[in-house]
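In: Fold the following.
(chains A, B, C, D, E and F)
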6 protein chains.
Amino acid sequence: MPRFGGPTTFARLPRGDEVSRWDVAILGVPFDSGTSYRPGARFGPAAVRMGSRLLRPYHPGLAVAPFDRQQVVDVGDVTCNPFDITVALEQIEAAAKSVLLKARSLIAIGGDHTIALPLLRALNRHSGPVALVHFDAHLDTWDTYFGAPFTHGTPFRRAAEEGLLLDGRSVHIGIRGPLYTERDLPDDTRLGFDVIPAAAYDDGGCQSVAQTIRSRVGSAPVYVSVDIDVLDPAHAPGTGTPEAGGLSSRELLGTLRALRGLPLVGGDVVEVAPAYDHAEITSLTAAHLVYEMLGLLAVTASPGASPERLTPQTVGI
Amino acid sequence: MPRFGGPTTFARLPRGDEVSRWDVAILGVPFDSGTSYRPGARFGPAAVRMGSRLLRPYHPGLAVAPFDRQQVVDVGDVTCNPFDITVALEQIEAAAKSVLLKARSLIAIGGDHTIALPLLRALNRHSGPVALVHFDAHLDTWDTYFGAPFTHGTPFRRAAEEGLLLDGRSVHIGIRGPLYTERDLPDDTRLGFDVIPAAAYDDGGCQSVAQTIRSRVGSAPVYVSVDIDVLDPAHAPGTGTPEAGGLSSRELLGTLRALRGLPLVGGDVVEVAPAYDHAEITSLTAAHLVYEMLGLLAVTASPGASPERLTPQTVGI
Amino acid sequence: MPRFGGPTTFARLPRGDEVSRWDVAILGVPFDSGTSYRPGARFGPAAVRMGSRLLRPYHPGLAVAPFDRQQVVDVGDVTCNPFDITVALEQIEAAAKSVLLKARSLIAIGGDHTIALPLLRALNRHSGPVALVHFDAHLDTWDTYFGAPFTHGTPFRRAAEEGLLLDGRSVHIGIRGPLYTERDLPDDTRLGFDVIPAAAYDDGGCQSVAQTIRSRVGSAPVYVSVDIDVLDPAHAPGTGTPEAGGLSSRELLGTLRALRGLPLVGGDVVEVAPAYDHAEITSLTAAHLVYEMLGLLAVTASPGASPERLTPQTVGI
Amino acid sequence: MPRFGGPTTFARLPRGDEVSRWDVAILGVPFDSGTSYRPGARFGPAAVRMGSRLLRPYHPGLAVAPFDRQQVVDVGDVTCNPFDITVALEQIEAAAKSVLLKARSLIAIGGDHTIALPLLRALNRHSGPVALVHFDAHLDTWDTYFGAPFTHGTPFRRAAEEGLLLDGRSVHIGIRGPLYTERDLPDDTRLGFDVIPAAAYDDGGCQSVAQTIRSRVGSAPVYVSVDIDVLDPAHAPGTGTPEAGGLSSRELLGTLRALRGLPLVGGDVVEVAPAYDHAEITSLTAAHLVYEMLGLLAVTASPGASPERLTPQTVGI
Amino acid sequence: MPRFGGPTTFARLPRGDEVSRWDVAILGVPFDSGTSYRPGARFGPAAVRMGSRLLRPYHPGLAVAPFDRQQVVDVGDVTCNPFDITVALEQIEAAAKSVLLKARSLIAIGGDHTIALPLLRALNRHSGPVALVHFDAHLDTWDTYFGAPFTHGTPFRRAAEEGLLLDGRSVHIGIRGPLYTERDLPDDTRLGFDVIPAAAYDDGGCQSVAQTIRSRVGSAPVYVSVDIDVLDPAHAPGTGTPEAGGLSSRELLGTLRALRGLPLVGGDVVEVAPAYDHAEITSLTAAHLVYEMLGLLAVTASPGASPERLTPQTVGI
Amino acid sequence: MPRFGGPTTFARLPRGDEVSRWDVAILGVPFDSGTSYRPGARFGPAAVRMGSRLLRPYHPGLAVAPFDRQQVVDVGDVTCNPFDITVALEQIEAAAKSVLLKARSLIAIGGDHTIALPLLRALNRHSGPVALVHFDAHLDTWDTYFGAPFTHGTPFRRAAEEGLLLDGRSVHIGIRGPLYTERDLPDDTRLGFDVIPAAAYDDGGCQSVAQTIRSRVGSAPVYVSVDIDVLDPAHAPGTGTPEAGGLSSRELLGTLRALRGLPLVGGDVVEVAPAYDHAEITSLTAAHLVYEMLGLLAVTASPGASPERLTPQTVGI
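Out: Predicted coordinates:
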């Protein structure tokens, strides 16, 4: 089947209902009611799946075939209530818990960054606190917006407060742009985060940044959260709060690749807002980021049974 | 000042803080958290104001100069909480009430259609129930979505339930497209609405439709609510729930114009989602619709004192 | 599940592998190698399915619930070889035959207009020759392009030559624009077609055109083929050979609706090229056209057993 | 040669330097320094030529082959100074005069509407005053903008003042939208123009409008000037001062076609601003309008010698 | 007020008429009649203000709150005659002089690069000649275009000739792309400019480039002029004469930031042409550049009285 | 003539029929029937010529005037059959041979990458095997797609098999993204290619990469083939199989420039698909790449007679 037709699961992976074993599950989270500026990330999961159609099976940079070493499945989208943030967070957490009953790891496709909180809550129940490796233009550790504690600008303050993150192991990468006050950075530090600003890429590039990340996380289990706005608007126009001066897609992919061997336990790629994208450049890069995470998981996967299926069942026509 | 520069109030009208008298107030309502599909109408007020920059002072179709017969002001935007629909509805209602303490009429620029409810509530307090002349592809009289009673699909059921509309005087125009069940139309009728489907324009055009509207509303005070998706997607791509088979902009403007003389008491133009617009065609048509309403108001305005100001104060450079 | 997430089958219908009974099958045909100008209709099936997400279950214009009266399924896409037209035609014909072994009717989503030929061949095998009701800006009865007999400009000459069409029962609607020579129209007549030009809509509108179509086809089994370029470029920019002066989406939908009761046996909607679309206006109109055909089929369907499923199975998360 | 490649002359016509006889010349006028709002019509000639690539040789509506009855040539673009309106007007007038030394008729592709004045001046020298048939959303008979007498809003006041138009023979069609003052229309009448507003198409359509035009112009030599913004923004987003409520492309083409037999002496299609276009819908419609004028010229052309060439010379590879 | 609604001044700063003290004034200059290729920078000021809505108050890179250390105001747009370059230059110069009677510094938002000349003239009257730090793909020291001495390709030749620049202190950064002749660079040198080509960023990056700039300007008062086309077209598609091979937004922002402490006296950001932009990536980067200049001004500002206002007055609704 | 009007040859060069001497010929190859994903490169030649309009005569980076040292001509487009790949390859090869009878060198503008094979075949006949310097995200040495041996993913396997490339002299630059299997890279090596992955630019940049290329090719005659998707999607959205993590336009132009002095014998720039481009950023970069190759050819050209013409003949108006 040519890649412009056929299945619409992520990278043409089998659906969750087609295989009995799930090693890694891809879960769409079409929720953007926590967005403070340009909405539309609710269409992110569909767009990233479309952007994943060109992904091929072998990752030469990591020398691994991510779909061969582990059974990867696309389990579809969570039903999220667009009109009630609290209800939606519960729905997302419940769905993630349900997936993690069956799958070793979960990679989520957002949706806005609000969704990271229920994902971390579910993961915490599943495997305890994690080191957060957080790529973003913004800290996302603000306290409230318009009185709301759960928005796309606050998930990691909540996560830190709730003990979902390991002490002294988390780091933001790619931070840039103006802040609300001079207290934002000290507050963030007090919550237990380190910051690697976007400008750090000017000195030493992605290898150097990756080394700093490795020093920070040590051997802790790692959750990687990628807000697509960590990329420069040139590389990711399709997002809600773009910020000039960001990373190139090569820098970001290179950084992830250089984390090879870290014990990744889950991750997300969020804030893809397709209405602002052009020619799918944002959503296909997001798809590559998910693929990169799948590669990292494959590298550390214990070689087990072969996957049951590599692609979804299709009608025999 | 060339129209590509200078003030950004609607049609370069004076701001509310510049004049003591307000006859008609234009109010932006940047709220779209009640949207069920493509969000983004929160950027509607800014876009419609931009689209209004080419509006000139004299309306030849109605033979009236809308800004000369009445003091029209742009009172800016309501602060609406994007994260809590209930709070936002209260904010919008309070703002509208506050405006109506001072202005005879209010024209709102949305925002999604959820905002019509608090506007009708405020208007009801100000001048009692009204006949609703509602242009839309959709009935907007559904009961709940995902359990939520206040969304962009439900304002007129709530309005009918709350007694904000006059019995037997309201009408939907431009309805088309699939419904949820065969009970939708009978339910709508039971709530007190008539329906003029989009296909009615095939027989007799806008004059005939306007005559039907006039028969329906009689001499009741009229509130005109225009969901921009009443237009065909060709004419209004920049909206959230487009529906094929709609009106042309000439048909819609012609219908409004043919309502000349009806006692308009307020109105809104909603659901302009600029991220989906192209070359401002949706937002400039929305601006024309607001202008048309201002013309209708001017035609029935009692000739009073001349406006204090026609344009905003600018720095003298 | 909100309509911006979840299944990606047409109108969220069940997949073919989920139900044992198929009354009507939707088949994607991602093939555009027969295109003479702007290619890209290979992405049509995916785009039209995306554009179908807002379709609701009840059709008020036809007073029928198309998915209740018959088991409608989405059987996915045909694998078509993009590099060899002959091979692809065989693949499409074989797939259609296979579907028609099981389904009473088939609605195809193109793809370019080349695909109509193998569809008509399969249908002919299944139920004999048909009356063709063909909406298009172009005749599509040219002989060859660059020596190629099978392209998107030639399917209906081939169909006529092969006896796939009933004598004197077929008609083109919406024809306009320049032709190659003054012989094109007489040649087309000689092949057995009537022409209703786009300008015919100026006199009497869609009811009048529909009446002419009905006179032409009589009680013959009808195949409806809609080239989306029958619409004006304002209504369908996302296509390959746009032609000014076309139909509005209301005129086209109204014409189809006015064919209520004709014995439809199949149909296609072709030439949607998403790279040229804007805000999905072309693909959502195409989805409405498919829905309209499903309504026509439902109206004439013998009331049978209820559908097994109305929506696809989803993972229980 | 497939139409997506090869020559870039209008409709693949021969260049002016390739044939000795010019019956009708197509002239590009890339000038937009008279624009008051969205500029960019300087790219109009290139875009309209691109949009003409699909034009075929036979016009069924007029039953004529426009390139067979007369030698049509594309004489390229005028060099217009973008920084000095006065100099540019002289350049355009000189170029048009030079073309009219050789060609019987001239069709210009703008450029903004300022260019109509030097074209009418040249034509006046060539064949005396004309009846102006002017399709536009705007009157273009204003006096000055920012003190400038020669802009895209003033050409026809200047033309009337200079005696370039026949008394009582000229007419604007498609006028709509707000005016500067209530005096605009009486002033326009005093200058000798009639107005057929866009709303006139609601009663009787293009045949009725064409009849009114015919009554107005009688047997006078006719110059047709089409500002593309006479079309609704849905049909012509690619223009500088769009105005809601306009004509469909079918209405405009139908009106022109219904002028069959009038003694056309020249014409222009102006105000195509490609930066605001989408999928070439504006520029291809503009190309159809030029083609329609060529058809009108062919219908009244005295049958003469056959054209020397139908297409440009190409390198033999 | 959410940032998608409310005031439209730059970064929600107070208007000039709202405060008595102006330390730094932002001035829009909507003029693009000096453009030689893609016009549209006349819409630049409105677009850059829209792109500034996400700017927050604290600049972590410079450790300063630009709006707290100085009273920054948005004084609106200059009225510029679009039809007469000479008149427009006088209007711009007069406006700038008028602003500088009250404000210590002026940051202009263009408009095309022609506007730099009248700005430098006004600044010269105010504080004498300056060192020009000029970011651009092009030298802008050509002599004339089509005989015109004042266009967007000539401002700095004129400025040098008029003695507005300090001897041996000015520098172009980011130059690349083909030139008219081999004499362009020597001519530029003779006028007193140094050139740092875009390729210089390959060796040492922004810190190294900033050091070269510092060496060049010494302790002279600095005027920073940023033509947005110094950025690569990927980062700034919304401009008139794009040139491949440019800077990333991180390189440009990093260079400006590294000029911390230089005695900036004014600046401009020009050539933003929104019609060619996508998802506001050009205009929001331009807004960041203005913010960066405000930060540089704040760093060297003598601590004075607190600002009177931080945001514009809004109607109390 | 302003650059927004006038001739549409590449960089306004003379047409092939205007000069007797051809040193370097530019040839458009509008063929994309070998495309496996997003088609549309058939419009590449027209778009790249449009994107070349701003190119000026002097190349400061190479200190050469490419059009002065050699007679460069634009010989137009090859007629390629879009419906039969085999026929099209023959047409392209024949055209290239025909051009090379007259011109010393040929630069082709694609079209998809399939066209490189017939170009290399023609070149081989003309001057023997070459060293291939191939910039691309993909190896393009796959064997077949859907059974087809000649597609845009296979030209260089075929070229290697046919002996068109010198042993051990060819190199791919910019490779990245997932592969089909782990055997792809060893297979590629076995065919005689070296690989410089995109990530190599992280270490040493374009100078270092250019040095590696030089080591590889030695003094062999060089053919440079640039698939525009070697650029990051941010820099080249207008292409068919975009791949995240690519080169910037500065890196690519810098690499080509650093090949100064190599004996270039021909080249191509392929895979520009304008329907996916924005604001011409892809096509103007492609035009710069062609210009860069013309510069490389000029540097090594033996100084001969001056060009006969620098620009095309235009009608004297």
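
In: And the residue of the stretch 201-317 of chain A closest to chain B?
Out: residue A:275 (4.2 Å; Cβ to the nearest Cβ). Any C-beta I mention is one placed from the backbone N, CA and C, and that applies to glycine too.

In: Run through the residues that contact that residue.
Out: Going by Cβ atoms under 8 Å, 6 or more residues apart in numbering or on different chains, residue A:275 touches A:40, A:43, A:238, B:38, B:40, B:275-276.

In: Surely it forms part of a helix?
Out: Yes - according to DSSP: H, G, I helix; E, B strand; the rest coil, residue A:275 belongs to a helix.

In: Return the distance of it relative to residue B:239.
Out: Distance, residue A:275 to residue B:239, by Cβ to Cβ, to the nearest Å: 12 Å.

In: again with residue A:213
Out: In terms of Cβ to Cβ, residue A:213 sits 43 Å off from residue B:239.

In: ok, those two, which is more surrounded?
Out: The neighbour comparison of residue A:213 against residue B:239 (other Cβ atoms under 10 Å in any protein chain shown) goes to residue B:239, with 30 against 23.

In: What about the residue nearest to residue A:132 when sequence neighbours are not counted? Give its phi and psi, please.
Out: Excluding the flanking residues, the one nearest residue A:132 by Cβ to Cβ, 6 or more residues apart in numbering or on different chains is residue A:170, at 3.9 Å. Taking degrees, to the nearest 10, you get phi -100, psi 150 for the backbone angles of residue A:170.

In: Repeat that for the one 5 residues further on.
Out: Reported as degrees, to the nearest 10, the phi and psi values for residue A:175 are phi -60, psi 140.

In: and residue A:28, which of the three is it?
Out: Under three-state DSSP, residue A:28 comes out as strand.

In: List the residues that contact it.
Out: A:44-46, A:48-49, A:76-78, A:108-109, A:111, C:5.

In: and what of residue A:53?
Out: By Cβ under 8 Å, 6+ apart, the residues touching residue A:53 are A:3-4, A:11-12, F:37.

In: List just the nearest of those residues to residue A:85.
Out: Lowest distance from residue A:85 to the contacts of residue A:53 (Cβ to Cβ) belongs to residue A:11, with 30.4 Å.

In: mind checking how far the closest one is from residue A:26?
Out: Applying Cβ to Cβ to residue A:11 and residue A:26 gives a distance of 8 Å.

In: can you list residues touching both of those two?
Out: Common neighbours of residue A:11 and residue A:26, counting by Cβ under 8 Å, 6+ apart, are residue A:72.

In: In contact with the nearest residue to residue A:7 once chain neighbours are set aside: list those residues for me.
Out: Sequence neighbours aside, residue A:312 is the residue nearest to residue A:7 in space, at 4.6 Å (criterion: Cβ to Cβ, 6+ apart). Counting by Cβ under 8 Å, 6+ apart, residue A:312 touches A:7, A:9, A:12-15, A:18.

In: And the pLDDT at residue A:312?
Out: At residue A:312, the model reports a pLDDT of 83.

In: Specify the local secondary structure of it.
Out: Residue A:312 ends up coil, using three-state DSSP.

In: Residue of the stretch 1-150 of chain A closest to chain F, please.
Out: Closest point on the stretch 1-150 of chain A to chain F, by Cβ to the nearest Cβ, is residue A:56, at 3.9 Å.

In: what about the helices in chain A?
Out: A:44-51, A:85-100, A:116-127, A:155-161, A:184-190, A:205-217, A:249-257, A:281-300 (DSSP state H).

In: for the fourth one, which positions count as buried?
Out: Along helix A:155-161, the positions that meet the burial threshold by neighbour count (16 or more other Cβ atoms under 10 Å in any protein chain shown) are A:155-160.

In: Show me what residue of the stretch 101-250 of chain A gets nearest to chain B.
Out: Counting by Cβ to the nearest Cβ, the stretch 101-250 of chain A gets nearest chain B through residue A:148, at 3.8 Å.

In: and that residue, bridged to which residues?
Out: On the basis of DSSP bridges, residue A:148 is bridged to residue A:145.

In: That one: what's it in contact with?
Out: So residue A:148 contacts A:34, A:85, A:154, B:81, B:83-84 (Cβ under 8 Å, 6+ apart).

In: do the same with residue A:100
Out: Counted by Cβ under 8 Å, 6+ apart, residue A:100 has contacts A:106, A:122-123, A:125-126.

In: Next one: the nearest residue to residue A:277 once chain neighbours are set aside from residue F:247, what distance?
Out: Distance criterion Cβ to Cβ, 6+ apart; nearest residue to residue A:277, sequence neighbours excluded, is residue A:238 at 2.8 Å. To residue F:247, residue A:238 is 21 Å away according to Cβ to Cβ.

In: which of these two has more neighbours?
Out: Between residue A:238 and residue F:247, counting by other Cβ under 10 Å, residue A:238 is the more crowded of the two (32 against 27).

In: Where is pLDDT lowest across the contacts of residue A:100?
Out: Among the contacts of residue A:100, residue A:126 has the weakest pLDDT, 90.

In: How many neighbouring residues does that one have?
Out: Other residues close to residue A:126 by other Cβ under 10 Å number 18.

In: Touching, it and residue A:93? I think so.
Out: No - using Cβ atoms under 8 Å, residue A:126 is not in contact with residue A:93; the gap is 11.1 Å.

In: What residues does residue A:49 make contact with?
Out: Going by Cβ under 8 Å, 6+ apart, residue A:49 touches A:8-10, A:28, A:74, A:109, A:287.

In: Quick one, grab the pLDDT at residue A:272.
Out: At residue A:272, the pLDDT recorded in the model is 98.

In: I should have written residue A:203 there, sorry.
Out: Confidence for residue A:203, expressed as pLDDT, is 89.

In: Next, the distance between the ends of stretch A:70-90.
Out: 29 Å (Cα to Cα, to the nearest Å).

In: sorry, back to before: in JSON lines, list the contacts of residue A:100 along with distance to residue F:100.
Out: Converted to JSON lines, the contacts of residue A:100 look like this (distance: Cβ to Cβ, whole Å):
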{"residue": "A:106", "distance to residue F:100": "58"}
{"residue": "A:122", "distance to residue F:100": "65"}
{"residue": "A:123", "distance to residue F:100": "63"}
{"residue": "A:125", "distance to residue F:100": "70"}
{"residue": "A:126", "distance to residue F:100": "66"}
